[in-house]
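[1] Here's a sequence, model it:
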Amino acid sequence: MTHAVPCARSVNNGTSLFRWGIFGILVCGFLGFIAMQVWHVVSPPDLALAAPLDGVVATNPEITVAGVTDPEAMVEINGQQVFSRPDGTFAQPVELQNGANRIFVRATKKHGLFTTVSRTIMLQAPVMETSPVSLSPEGTSAAGTLN
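    Numbering: from 1, shown residues only. The predicted structure is shown next:
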(Lines give C-alpha, C1' and ligand atoms only; values in the text may rest on other atoms or scores of the structure.)
Protein backbone atom coordinates (compact mmCIF):
# COMPACT_ATOMS: atom_id res chain seq x y z
CA MET A 1 0.00 0.00 0.00
CA THR A 2 1.38 3.36 -0.97
CA HIS A 3 0.77 6.45 0.95
CA ALA A 4 0.39 9.80 -0.68
CA VAL A 5 2.94 12.26 0.47
CA PRO A 6 1.58 15.79 0.78
CA CYS A 7 3.25 18.24 -1.53
CA ALA A 8 5.05 21.07 0.19
CA ARG A 9 4.17 24.46 -1.24
CA SER A 10 6.59 27.26 -0.96
CA VAL A 11 5.30 30.57 0.29
CA ASN A 12 8.11 32.24 -1.63
CA ASN A 13 6.70 31.10 -5.00
CA GLY A 14 3.36 32.84 -4.32
CA THR A 15 5.04 36.03 -3.15
CA SER A 16 7.34 36.05 -6.17
CA LEU A 17 4.41 35.58 -8.55
CA PHE A 18 2.55 38.43 -6.82
CA ARG A 19 5.60 40.70 -7.14
CA TRP A 20 6.01 39.93 -10.86
CA GLY A 21 2.30 40.56 -11.42
CA ILE A 22 2.50 43.97 -9.74
CA PHE A 23 5.68 44.76 -11.67
CA GLY A 24 3.95 43.79 -14.97
CA ILE A 25 0.95 46.02 -14.18
CA LEU A 26 3.22 48.97 -13.37
CA VAL A 27 5.26 48.50 -16.57
CA CYS A 28 2.07 48.29 -18.69
CA GLY A 29 0.70 51.41 -17.00
CA PHE A 30 3.94 53.33 -17.57
CA LEU A 31 4.14 52.28 -21.25
CA GLY A 32 0.47 53.24 -21.71
CA PHE A 33 1.17 56.67 -20.21
CA ILE A 34 4.15 57.20 -22.53
CA ALA A 35 2.07 56.10 -25.54
CA MET A 36 -0.69 58.58 -24.65
CA GLN A 37 1.85 61.42 -24.32
CA VAL A 38 3.42 60.60 -27.70
CA TRP A 39 -0.04 60.38 -29.29
CA HIS A 40 -0.96 63.79 -27.87
CA VAL A 41 2.18 65.32 -29.43
CA VAL A 42 1.87 63.67 -32.88
CA SER A 43 -1.89 64.02 -33.36
CA PRO A 44 -3.51 67.12 -34.92
CA PRO A 45 -5.47 69.40 -32.58
CA ASP A 46 -9.20 69.00 -32.02
CA LEU A 47 -11.27 71.85 -33.50
CA ALA A 48 -15.03 72.38 -33.11
CA LEU A 49 -16.99 75.42 -34.29
CA ALA A 50 -20.04 76.45 -32.26
CA ALA A 51 -20.97 79.28 -34.63
CA PRO A 52 -21.80 79.90 -37.37
CA LEU A 53 -23.56 76.85 -38.72
CA ASP A 54 -22.76 75.84 -42.30
CA GLY A 55 -25.15 77.26 -44.90
CA VAL A 56 -26.57 80.07 -42.73
CA VAL A 57 -28.16 83.00 -44.56
CA ALA A 58 -27.23 86.23 -42.79
CA THR A 59 -28.57 89.75 -43.24
CA ASN A 60 -25.98 91.42 -40.98
CA PRO A 61 -22.58 92.01 -42.70
CA GLU A 62 -20.76 90.90 -39.55
CA ILE A 63 -20.91 87.41 -38.04
CA THR A 64 -19.13 85.95 -35.00
CA VAL A 65 -17.03 82.83 -35.50
CA ALA A 66 -16.74 80.93 -32.21
CA GLY A 67 -15.35 77.56 -31.23
CA VAL A 68 -12.92 75.55 -29.13
CA THR A 69 -9.60 73.83 -29.79
CA ASP A 70 -6.66 72.46 -27.82
CA PRO A 71 -5.37 75.11 -25.40
CA GLU A 72 -1.85 75.11 -26.89
CA ALA A 73 -3.04 75.45 -30.51
CA MET A 74 -2.78 78.69 -32.52
CA VAL A 75 -6.07 79.70 -34.21
CA GLU A 76 -6.46 81.46 -37.58
CA ILE A 77 -9.65 82.60 -39.30
CA ASN A 78 -9.21 83.18 -43.03
CA GLY A 79 -5.44 83.45 -42.49
CA GLN A 80 -5.65 86.02 -39.66
CA GLN A 81 -4.38 84.94 -36.25
CA VAL A 82 -7.07 85.07 -33.55
CA PHE A 83 -6.70 85.33 -29.77
CA SER A 84 -7.79 82.18 -27.96
CA ARG A 85 -8.39 81.91 -24.23
CA PRO A 86 -6.30 79.61 -21.98
CA ASP A 87 -9.08 76.97 -22.12
CA GLY A 88 -8.90 76.90 -25.97
CA THR A 89 -12.14 78.81 -26.66
CA PHE A 90 -12.21 81.66 -29.15
CA ALA A 91 -14.70 84.13 -30.68
CA GLN A 92 -13.99 86.65 -33.43
CA PRO A 93 -16.26 88.86 -35.57
CA VAL A 94 -15.80 88.43 -39.33
CA GLU A 95 -16.95 90.85 -42.04
CA LEU A 96 -19.07 89.33 -44.82
CA GLN A 97 -19.46 90.37 -48.45
CA ASN A 98 -22.72 90.12 -50.42
CA GLY A 99 -23.27 86.60 -51.69
CA ALA A 100 -21.49 83.42 -50.61
CA ASN A 101 -18.68 83.76 -48.06
CA ARG A 102 -16.29 80.90 -47.29
CA ILE A 103 -14.79 81.00 -43.76
CA PHE A 104 -11.76 78.82 -42.98
CA VAL A 105 -10.73 78.19 -39.37
CA ARG A 106 -7.38 76.49 -38.74
CA ALA A 107 -5.93 75.27 -35.43
CA THR A 108 -2.18 74.56 -35.54
CA LYS A 109 -0.03 72.85 -32.91
CA LYS A 110 3.52 74.03 -32.23
CA HIS A 111 4.94 71.08 -34.23
CA GLY A 112 3.02 72.13 -37.36
CA LEU A 113 0.12 69.67 -37.25
CA PHE A 114 -3.19 71.37 -38.03
CA THR A 115 -6.93 70.86 -38.37
CA THR A 116 -9.07 73.00 -40.69
CA VAL A 117 -12.85 73.50 -40.58
CA SER A 118 -14.77 75.58 -43.11
CA ARG A 119 -18.22 77.14 -43.26
CA THR A 120 -20.14 78.75 -46.11
CA ILE A 121 -22.27 81.75 -45.12
CA MET A 122 -24.59 83.59 -47.49
CA LEU A 123 -25.01 87.33 -46.94
CA GLN A 124 -28.28 88.65 -48.28
CA ALA A 125 -28.25 92.43 -48.45
CA PRO A 126 -31.42 93.87 -46.91
CA VAL A 127 -33.86 95.35 -49.44
CA MET A 128 -33.75 99.16 -49.19
CA GLU A 129 -37.01 101.03 -49.43
CA THR A 130 -36.76 103.92 -51.87
CA SER A 131 -38.97 106.94 -52.22
CA PRO A 132 -40.61 107.49 -55.60
CA VAL A 133 -38.69 109.76 -57.96
CA SER A 134 -40.57 112.54 -59.71
CA LEU A 135 -39.59 113.08 -63.33
CA SER A 136 -41.71 116.23 -63.85
CA PRO A 137 -40.24 119.17 -65.82
CA GLU A 138 -40.47 121.36 -62.73
CA GLY A 139 -37.86 119.27 -60.89
CA THR A 140 -36.11 120.80 -57.92
CA SER A 141 -32.52 120.69 -56.89
CA ALA A 142 -30.84 121.19 -53.54
CA ALA A 143 -30.49 124.89 -54.37
CA GLY A 144 -34.14 125.34 -55.24
CA THR A 145 -36.24 125.33 -58.43
CA LEU A 146 -34.58 124.69 -61.74
CA ASN A 147 -35.11 127.35 -64.41
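[2] which element follows the helix or strand hosting residue 106 toward the C-terminus?
    Following DSSP states H and E, the helix or strand that holds residue 106 is strand 99-108. Where DSSP H and E defines the elements, the next helix or strand beyond strand 99-108 is strand 114-123.
[3] what is the mean pLDDT for that next one?
    The average pLDDT for strand 114-123 rounds to 88.
[4] Same question for stretch 87-107.
    Mean predicted confidence for stretch 87-107 is 90.
[5] Now the terminal residues of that stretch, how far apart.
    Criterion C-alpha to C-alpha, to the nearest Å; first-to-last residue distance in stretch 87-107 is 14 Å.
[6] Is residue 34 in a helix, a strand, or coil?
    Judged by DSSP: H, G, I helix; E, B strand; the rest coil, the three-state class of residue 34 is helix.
[7] give the contact list for the residue nearest to residue 99 when sequence neighbours are not counted.
    Once flanking residues are discounted, residue 99 sits nearest to residue 123: 6.5 Å by C-beta to C-beta, 6 or more residues apart in numbering. C-beta: built from backbone N, CA, C; applies to glycine. When the contact criterion is C-beta atoms under 8 Å, 6 or more residues apart in numbering, the partners of residue 123 are 57, 58, 59, 61, 96, 97, 98, 99, 101.
[8] Residue 114 contacts residue 104, doesn't it?
    No: in this structure residue 114 lies outside contact range of residue 104 using C-beta atoms under 8 Å: 11.1 Å.
[9] Strand partners (parallel or antiparallel) of the strand holding residue 106?
    Strands that pair with strand 99-108, judged by DSSP bridges, come out as strand 74-77 (antiparallel), strand 114-123 (antiparallel).
[10] now the helix or strand just after the shortest one, how far from the centre of its chain.
    Right, the one you point to is strand 74-77. Going down the chain from strand 74-77, the next helix or strand is strand 80-82, by DSSP H and E. Relative to its chain's centre, strand 80-82 lies at 14 Å (C-alpha atoms, centre = their mean, to the nearest Å).
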